[in-house]
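Undergrad: okay, structure incoming, though there's no sequence with it:
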């Protein structure tokens, strides 16, 4: 599996234009941009630059947040942008509890209804929706879909046009991971890598570089490959305390090296 | 359900002797001590003092850590202490990855073998073992049993003498919680309460007081009651930044109040 760079990995150091150049310079052939970075660069300019460098857009981050107020328009725009960029999928971070609510079941229902609402447009645009189960520690604030099993239940319900993004950081602990990756099969639309640090100092922005933590990346990769996934391995590291502070060319060198040696 | 105090809630302010007095003074009729506090006070002295105050020992914390080196002797002593104190169960925090290992499946196997090894003694001593699934964010360092479903699979395997401790902090996010609580039935040996704060600032010691977070405590309690649990609600709050800094009598007053109003 080839390497793709999720642009969050360098969001503190570089603009999207710089990241695109950086990927090309370091021989990284995939890219998965975040929408705020695309907006800053301009959609058409981003598209042109990505095409010029022959990069594959392995995903667009992100749609979702169905429990927020403006979810309808926001997801419509996300689908349009994913289509324009030729993204292999639109990653859905589905949203957590609405402000003031403790009703997880209802939040999960809102997510289901939200996906139902945007799915016709996504299908029409040829943009597969990738539900990303997020780590249970992010259930309240970012996503109330927290296991691969739960995401696949939604995929079963919606069928055509909906799959999953498997991010090792969110699912590595799951006792049912191997079974559910097998169940996912071809519905795995994206595979994200990084590592779980011991200790982890922050619930959101303390992800580790592959090889620096405790995730058995080769084993999970083998499951994902056996399931039939033939796409990229997308490195996505939120790291306030470490990688966001480093020289971006060094970060890309290490990504390439670790991708070779640890994944 | 009556209130019990897990002594970790006041471990920074009071000795076990003081906590026992405090519970009696505040009309809290259950207590669940930690073994280091019992050792400090002396087992016989602790036993005598708890009996004098007519407190129910709703659990002893903790056995487990089957992936650590000294697990065998340590669990033998834990069972003896639980027996001596007349604890309703010995809570098992099963242990995470062995140092240097990334092999979760193997760690989980070690846990299963560890429980198998200590179970005859526990049965003989009449001490039920309560497997406590811990939040997935603690999988590497503290417990590789991370869902109620996974814990109940072990209960099914071992049958007599093994149940679960349901701590809302660890399981509130689980999409299968209601279903698995029902499945657990009478095997629920302890029910722990606190709250999940938004934001959560630390992965271990930033638990909230009931009512201060996003956990729907009345709903989960109703599931636990429907499953047939008739024991105590045990408040267990690790809180480096807040409750461990407060006047302990204030903490107990608030525990009592929130237990009445929020649980």
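TA: It's in. Worth saying up front: this structure is predicted, and the values here are computed from it rather than measured.
Undergrad: so residue A:30 touches residue A:56, yeah?
TA: Yes. The pair formed by residue A:30 and residue A:56 meets the contact definition of C-beta atoms under 8 Å, at 4.7 Å. Placement of C-beta: from N, CA and C, glycine included.
Undergrad: which residues are in contact with both of these two?
TA: Between them, residue A:30 and residue A:56 share these contacting residues under C-beta atoms under 8 Å, 6 or more residues apart in numbering or on different chains: A:4, A:232.
Undergrad: of these two, which one has the most company?
TA: The neighbour count for residue A:30 versus residue A:56, taken as other C-beta atoms under 10 Å in any protein chain shown, is higher for residue A:30 (23 against 17).
Undergrad: which residue sits closest to that one, ignoring its sequence neighbours?
TA: Ranked by C-beta to C-beta, 6 or more residues apart in numbering or on different chains and with sequence neighbours excluded, the top spatial neighbour of residue A:30 is residue A:4, at 2.6 Å.
Undergrad: after the helix or strand where that neighbour lies, heading C-terminal, what element do we hit next?
TA: In the assignment (DSSP states H and E), residue A:4 maps to strand A:3-6. Helices and strands here follow DSSP H and E; after strand A:3-6, the next one along the chain is helix A:16-25.
Undergrad: quick check: mean pLDDT of that following helix?
TA: Mean pLDDT, taken over the full extent of helix A:16-25, equals 98.
Undergrad: likewise stretch A:33-52?
TA: In this model, stretch A:33-52 carries a mean pLDDT of 98.
Undergrad: next: stretch A:220-238.
TA: With pLDDT averaged residue by residue, stretch A:220-238 scores 98.
Undergrad: quick one: end-to-end distance for it.
TA: Start-to-end span of stretch A:220-238 (C-alpha to C-alpha, to the nearest Å) is 20 Å.
Undergrad: ok now it, how far from the chain's centre?
TA: When distances are taken as C-alpha atoms, centre = their mean, to the nearest Å, stretch A:220-238 is centred 12 Å away from the chain's centroid.
Undergrad: show me what counts as buried in that stretch.
TA: The neighbour-count criterion (16 or more other C-beta atoms under 10 Å in any protein chain shown) identifies A:220-221, A:223-224, A:227, A:229, A:231-238 as the buried residues of stretch A:220-238.
Undergrad: do it and chain B meet at all?
TA: No. Remark: stretch A:220-238 sits outside contact range of chain B, by C-beta under 8 Å from any C-beta of the partner chain, the gap being at least 10.3 Å.
Undergrad: now swap in stretch A:239-259 and tell me
TA: No. Stretch A:239-259 does not reach chain B (C-beta under 8 Å from any C-beta); its nearest approach is 13.4 Å.
Undergrad: so how many other residues sit close to residue A:251?
TA: Other residues near residue A:251 number 25, with proximity taken as other C-beta under 10 Å.
Undergrad: ditto for residue A:250
TA: Using other C-beta under 10 Å, the number of residues around residue A:250 comes to 10.
Undergrad: near chain B, which residues of the stretch 51-200 of chain A?
TA: Taking C-beta under 8 Å from any C-beta as the criterion, the neighbours of chain B within the stretch 51-200 of chain A are A:97, A:101-104, A:108, A:135-137, A:139-141, A:144, A:146-147, A:149-150, A:172-175, A:196, A:198-200.
Undergrad: the stretch 1-150 of chain A: strands as residue ranges?
TA: When secondary structure is read from DSSP state E, counting those that start in this stretch, the stretch 1-150 of chain A shows strands at A:3-6, A:30-32, A:56-57, A:60-64, A:90-93, A:129-131.
Undergrad: actually the stretch 151-263 of chain A, not the one I wrote
TA: For the stretch 151-263 of chain A, applying DSSP E, counting those that start in this stretch gives strands covering A:162-167, A:188-193, A:233-235.
Undergrad: out of those, nearest to residue A:88?
TA: Comparison of those against residue A:88 by C-beta to C-beta identifies strand A:188-193 as nearest, at 6.6 Å.
Undergrad: hmm, back to that, make a ChimeraX selection of the buried ones in the residues of the stretch 51-200 of chain A next to chain B.
TA: This is the ChimeraX syntax for the buried subset of those, where burial follows 16+ other C-beta under 10 Å:
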select /A:97,102,103,104,108,135,136,137,139,140,141,144,146,147,149,150,172,173,174,175,196,200
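Undergrad: quick one on the thing from earlier: which of the strands of the stretch 151-263 of chain A sits closest to residue B:37?
TA: Checked against C-beta to C-beta, the stretch from the strands of the stretch 151-263 of chain A lying closest is strand A:162-167, at 39.9 Å.
Undergrad: residue A:138 contacts residue A:238, correct?
TA: No. Residue A:138 lies out of contact with residue A:238 (C-beta under 8 Å); the separation is 11.2 Å.
Undergrad: who touches both of the two?
TA: When C-beta under 8 Å, 6+ apart defines a contact, the residues bordering residue A:138 and residue A:238 alike are residue A:204.
Undergrad: any idea of the angle whichever helix in chain A runs longest forms with strand A:60-64?
TA: Counting residues, the longest helix found in chain A (DSSP state H) is helix A:104-125. Angle between the axes of helix A:104-125 and strand A:60-64 is 130 degrees (criterion: axes from the mean of the first three to the mean of the last three C-alpha atoms, to 10 degrees).
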